[in-house]
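Peer 1: sequence and predicted model, in that order:
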Amino acid sequence: IGPLLALAGRPAFRALVVVTRSLADLHRAGGVPEAKILVEPDGVDLFLFPAECGPVPAEGPILYAGGLARWKGIGTVLDAARRLPSVPFRLAGGTAWRRLLWRARVRGGDVRFLPAVPHPEVPRLLLSARALLLPNLPEGISGAHTSPLKMFEYMAAGRPIVASDIPPLREILEDGRNARLVPPGDGAALAAAVEEVLRD
């Protein structure tokens, strides 16, 4: 923030663009003038998605697409999958090494790890799902400032979203309106929310 404050006092410093309100609050608390902060959330290229996404597939998996870092909540997904052994869970993305590490931690359930796909193929992958997972943990950048591109792609796909109830996700997702929000790190709550969206 120090370099930003030095710039903020100069006439050439017109604005600071941030992707979440929580980031704006952080910079405002650090002394950047509010009038110079613009909140502009991440977006998605809607031209990659069909105009009509079609019905949710009756036999599709519950899908997580993205990186496989621990703070992304992958352990929570594995816990939920163990509690719903008849429901297919698919985790797409990450490096081969991370997929191998997580695969070794599977303790039941129908769980498969899929390799990452080229970005133009992401819509097809998302549209194959019955529900999409965004289980971030409330730590570090995830808990305070994350603005996942996948959240906007999930919304563009028109599939039910089950996400962690953390401040930056609540800026976009509202429980019961465009997502089901669950306590982060709670595999039982994630499983219950998945069951709920599968019934609805």
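Peer 2: Here it is on my side, so go on.
Peer 1: what about Ala179, neighbour count?
Peer 2: Residues lying near Ala179 (other CB atoms under 10 Å) number 24. The C-beta positions use only the backbone N, C-alpha and C, and glycine is treated the same way.
Peer 1: cool, and the one 10 residues further on?
Peer 2: Using other CB under 10 Å as the criterion, Ala189 is surrounded by 20 other residues.
Peer 1: bridging residues for the residue nearest to it when sequence neighbours are not counted?
Peer 2: Sequence neighbours aside, Val182 is the residue nearest to Ala189 in space, at 4.1 Å (criterion: CB to CB, 6 or more residues apart in numbering). Going by DSSP bridges, Val182 is paired in beta bridges with Ser164.
Peer 1: where's Val182 relative to Ala191, distance?
Peer 2: Distance, Val182 to Ala191, using CB to CB, to the nearest Å: 9 Å.
Peer 1: repeat for Lys150
Peer 2: From Lys150 across to Ala191, the span is 20 Å (CB to CB).
Peer 1: so who does Ser142 touch?
Peer 2: Ser142 is in contact with 71-72, 136, 166, counting by CB atoms under 8 Å, 6 or more residues apart in numbering.
Peer 1: for the residues you listed, which one is nearest Glu59?
Peer 2: Closest to Glu59 out of these is Lys72 (25.8 Å), distances taken as CB to CB.
Peer 1: now that closest one, what are its backbone angles?
Peer 2: The phi and psi values for Lys72, taken as degrees, to the nearest 10, are phi -80, psi -10.
Peer 1: okay, it: pLDDT?
Peer 2: pLDDT, Lys72: 95.
Peer 1: same check on Pro160?
Peer 2: As predicted, Pro160 sits at a pLDDT of 97.
Peer 1: what is the one residue sitting closest to the centre of the chain paired to in the beta sheet?
Peer 2: The centroid of the chain falls nearest to Leu134 when counting by CA atoms, centre = their mean (3.7 Å). Under DSSP bridges, the beta-bridge partners of Leu134 are Ala163.
Peer 1: give me the nearest residue to His145, chain neighbours excluded.
Peer 2: Nearest one to His145, counting by CB to CB, 6+ apart, is Leu23 at 4.9 Å.
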